[in-house]
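**Q** Sequence and predicted structure, then a few things I'm wondering about:
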Amino acid sequence: MKTSFDLIDLFYISPIIVLFLVSLVPILSKVLNGNKEPSSFFSVFIPVCGGLAAAVLSVGASLYIMGDPNIKSSPLAFSGALIMDGIALWTSFLVSIILCVIILISKENPYTKGKQFSEYIFLLVNSAVGMMIVAWSNDLIVTFIGIEVMSLCLYILIALSNETRHSKEASIKYFILGSFASAIFLYGIALMYGTIGTTYIHEIVQGAREIISINRVFLIGTGMVALGFAFKVSLFPFFNWTPDVYQGSGTPLTTFMATGVKVVSFVAFLRFMTTDILGGVHSEAFITTLQWMAVLTIIVGNVAAILQDDLKRILAYSSVAHSGYLLIGVIVAGADGGQSIGASGVVFYLFAYAIMTLGAFAVVSVLEKDTDTPIKVDDLKGMSSRHPLLALAMCVFMLSLAGIPPTLGFFGKFYLFSAAIAEGFFWLAVWGVVGSVISVYYYLRPLVVMYMSDEAGAGIVDRTPATRFAIVIMALLVILIGLASEPFYMQMQASVLSLY
Amino acid sequence: MSLSVLIFLPLVYALIVWMMPNDRAVRYSSLGFSIFHLGYTLAFLGGFDSATASLQFVERVMWVKGAGIEYFLGMDGISLWLIVLSNFLVPLIVLGSWTSIEKKVGGFHVSLFLLQSTMLGTFLAMDAILFYTFFEASLIPMYFMVGIWGGENRIYASMKFFIYTMFGSLFMLLSIIALMFMTEDQLGAMSSNLLQFYKLQIPFVAGEFLSTQTLLFFGFAIAFAIKVPLFPFHTWLPDAHVQAPTPGSVILAGVMLKMGTYGFMRISLPLFPEATQYWGWVFLVLAVIGIIYGALVAMVQPDMKKLVAYSSVSHMGFVVMGLFAMNAEGLTGGLYQMLNHGVSTGALFLLVGMIYERTHSRKIEDYGGLAPAAPIFTIFFIIVTMSSIAVPMTNGFVGEFLIMLGTFLAYKPFVIFAVLGVVLAATYMLWMVKRVFFGPAGKIVTEWKDKNLDINPREIAVLTPLTILIFWMGIFPNHFLDFSKTSIDHLVKNKSQYFLTIEDAGKAPKGTYSQIGN
């Protein structure tokens, strides 16, 4: 086995290198400045520039790969540990953008601004580095390392909040359950390695179908790895941590978990499920279990969201429900053998989901004036008259999450359900639809209080120009990409071909 | 003339109205815009060629290439009058709500124009996904209209309306997706174009519910049945109507319910001929139950608006019955009754709204002896009542007669029950008229003895066009039906293998036509 690496590999991972270097800027300037918090230039402007640079480099790498006729299949880097395929580069682009938005929100959110902000940025950016590793990994062990880098940073970040009680609880809860899931994940990898003799995805693909038919240990191993992913993306019955952790964490971090963590975990999950492990003789039970998990996730997430009053909890359960929709796509991608329709549906949905969730949480963040009062739905009262633009943006996000055309969320669901129907998972599509109908109830509640009640709710006291800027951009993206989803979807369809 | 302009011009109006400085400017500019838009619509009427069943004024652009979704608009004899009806009602609504909408006047007119745009889009879309998009998008402005300007229980009503309708339409979405994959299998390329859908051979097994065509048929039918609404899916309607502000009720009854019947006519009947033939009795039975049930419930309503709302259930039952008779008489009657219902029920809601605005009561028992106190109002009310109960010389008679004729030719027994519905309609409407307008002076008339209860010139201006139409449509139905005849005959003649063509490019005005290879 070759252990050296080429110079081109360093170009491929340049987004990670840039992010890591940038993450050092605020914390170094704090040290050099006599332990005083650096100015916004160092702690916000440079990290955001770094994030944008990472996004540009991701696009650059994909253009380079597409432009070079010598590169036929997706190139592997670092002896096959990382894969530079379309999905990887899309995801790292998306993660960079998410990171930029989160940094902007963090600077203005009462949970995270103020003391220790440079340490906060250091951890946040490195968590994004972990995310990119997860998205790029072609080796289950590297996936594990990426998940740990991402999660360890997050555990500390959550506890770092200005609010002292709930954030500590959330951090410990996330840490203990997360470690438990990681351990099971690692054990699953060990069992798989013991039977198939490799942890590389592209090598697992070649033998998985046969070995899963004859070897129960391999089957158990894959089940455990799937379980680890199920925890990370909060699928039924491993979703219980989600609302508590999402509620307890500072809103920017909740946003980061709901978008970044979920996106990359789903990408890794997708890579794992498309290794042909669902094609084996004994895989029916596996597929059936996953289908039930998808259906129950959709139902539980949506029904539980109806019962909540806290806006962050509603969005947390909504994010659980969206995991259920995404799992439909992952099952289709795993079971459809060679057709890319399921996988491209998942990637497009992740993209859509990330944008609208970022926007919705950003609105919550704007509303927060201190760390003691959680934002209830009723706090949105009268927003339409006092902050018409914010109310309109929230309206767009909610309708998009509910999947009303012609928003981005509608096309996400359209591609996902199309994939399910194309591959004969008709009843999964029906459950997806039933879930969407239930979800309309809680997505419309903010609209009701914003537009239909005359009383005034909690006001917005602080000035939050950067967050508002991000909200407007996200709302525009939801509408515009919704109207012209075609080119994006085509790109994603091309990008997932490397999975098969 | 361009259909895109017709659809999206109201969005421009909405934007302008949004920026208007005060309520007065909003009202006058909205009135001007909506009248201008009606004029623009009539230009289409002038350019419409009633000798062909082909789609006219076609506009086609690929929207989502990979899935074959097109931005495809076209007009034929079926959609023509629904377009005119929608645009005819909007100026009346603007004028009718001059004083009744007091808060957020700008927002109200913005919603109205958004609603107009999505309604027109629904009727003109010739691509299933585009149709679905407009069909769903129309919920949002209506939701706000009921939820912001509605009555006390408005939030419950608007929520129920939204979720109920969305439930149905999502099944339509699944069916559309399934059909799109069928086009890929059978025609070589994925498409959501309705013209391509018509070419499909959808396997049908008689008597088996789980066969492809039956499932798809019911997938669409549930969406349309909820929208119409057909018994037993009607429960959202009384809530929505009673809570909606008068203009909301008018547009809901006048146009939005027709999206359901239009969907039956445009998609269900031509696309699933065997299933329609085989399962048609289900809808005829439900329609007849709806006719009688709606009438009986209307009879016992103490609230005038609720009475009109339930009469809607009854009238829409007639429309569905006519459509499922599947012959020229029934379909013509169904289409005509859609327009009649829009005119007469719209007028009834306006009338009830006018008196409510003055007295703040819709309870029938509070009135009595209103005729001497408000003579002009009474005259209008009675004319509209006559139209609603289908007295000859009014529009209602033509529609119901054609529907009964059609149903009689196809399914005799159903007509017997439907006639009962006509009698009941006369009962509940005339009984209401008697209790409200005649007899000894009731509580309200006594209270208002020294003040003027009658309608003012603005309201007369709202009601006059509707009254003229009632007689015009009743006495000269051919003025209207001639435009639709070719399209309906084409549908009846080719019902087992329906197809639609696009009028050739030479005839269409320059610049409104772009051809995409099929």
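**A** Sure, I can see it. Since the model is a prediction, treat every value here as computed from it, not as a measurement.
**Q** Tell me the confidence at the residue of the stretch 201-350 of chain A found nearest chain B?
**A** Of all residues in the stretch 201-350 of chain A, A:Ser344 sits closest to chain B, at 9.3 Å by C-beta to the nearest C-beta. All C-beta spots, glycine's among them, are computed from the backbone N, C-alpha and C. According to the prediction, A:Ser344 has pLDDT 88.
**Q** Disregarding residues adjacent in the polypeptide, which is nearest to it?
**A** Nearest non-adjacent residue to A:Ser344, counting by C-beta to C-beta, 6 or more residues apart in numbering or on different chains: A:Gln493, 4.2 Å away.
**Q** Output the contacting helices and strands for the helix or strand hosting that neighbour.
**A** Taking DSSP states H and E as the criterion, A:Gln493 maps to helix A:486-495. Other elements packing on helix A:486-495 under the criterion 3 or more C-beta pairs under 8 Å, 6 or more residues apart in numbering or on different chains; DSSP states H and E are helix A:86-108, helix A:341-367, strand B:56-64.
**Q** Would you mind putting the CA coordinates of the helix or strand following the last one into CSV?
**A** For strand B:56-64, the succeeding helix or strand toward the C-terminus, using DSSP H and E, is strand B:69-75. In CSV, the C-alpha atoms belonging to strand B:69-75 read as follows (Å, rounded to 0.1, in the frame of the first residue of the first chain):
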residue,chain,number,x,y,z
ILE,B,69,-41.6,20.1,-16.5
GLU,B,70,-42.7,22.9,-18.7
TYR,B,71,-44.0,26.4,-18.3
PHE,B,72,-46.9,25.7,-20.6
LEU,B,73,-50.0,27.9,-20.8
GLY,B,74,-52.9,27.6,-23.1
MET,B,75,-56.6,28.5,-23.3
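**Q** Strand B:69-75 vs helix A:486-495, what angle?
**A** On the basis of axes from the mean of the first three to the mean of the last three C-alpha atoms, to 10 degrees, strand B:69-75 is oriented at 150 degrees to helix A:486-495.
**Q** Residues in contact with strand B:69-75: which ones?
**A** B:3-4, B:7, B:44, B:48, B:55-63, B:83, B:124-127, B:129-130, B:191-194, B:502, B:516 (C-beta atoms under 8 Å, 6 or more residues apart in numbering or on different chains).
**Q** Mind giving me the packing neighbours of the following helix or strand past it?
**A** Next helix or strand after strand B:69-75 toward the C-terminus (DSSP H and E): helix B:77-96. On a contact count with 3+ C-beta pairs under 8 Å, 6+ apart, helix B:77-96 meets helix B:23-47, helix B:105-124, helix B:246-251, helix B:257-263, helix B:328-359, helix B:457-475, helix B:477-493.
**Q** Off-centre distance for stretch A:266-281?
**A** Averaging C-alpha positions (C-alpha atoms, centre = their mean, to the nearest Å) puts stretch A:266-281 18 Å from its chain's average.
**Q** ah, wrong one, I meant stretch B:464-472
**A** How far stretch B:464-472 lies from its chain's middle: 18 Å, per C-alpha atoms, centre = their mean.
**Q** Mind exporting the C-alpha coordinates of it to CSV?
**A** Provided in CSV are the C-alpha atoms of stretch B:464-472 (Å, rounded to 0.1, in the frame of the first residue of the first chain):
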residue,chain,number,x,y,z
THR,B,464,-76.0,45.9,-11.3
PRO,B,465,-73.4,44.1,-13.4
LEU,B,466,-74.2,40.8,-11.6
THR,B,467,-77.9,41.3,-12.2
ILE,B,468,-77.4,42.1,-15.8
LEU,B,469,-75.4,38.9,-16.2
ILE,B,470,-78.0,36.8,-14.4
PHE,B,471,-80.6,37.8,-17.1
TRP,B,472,-78.2,37.8,-20.0
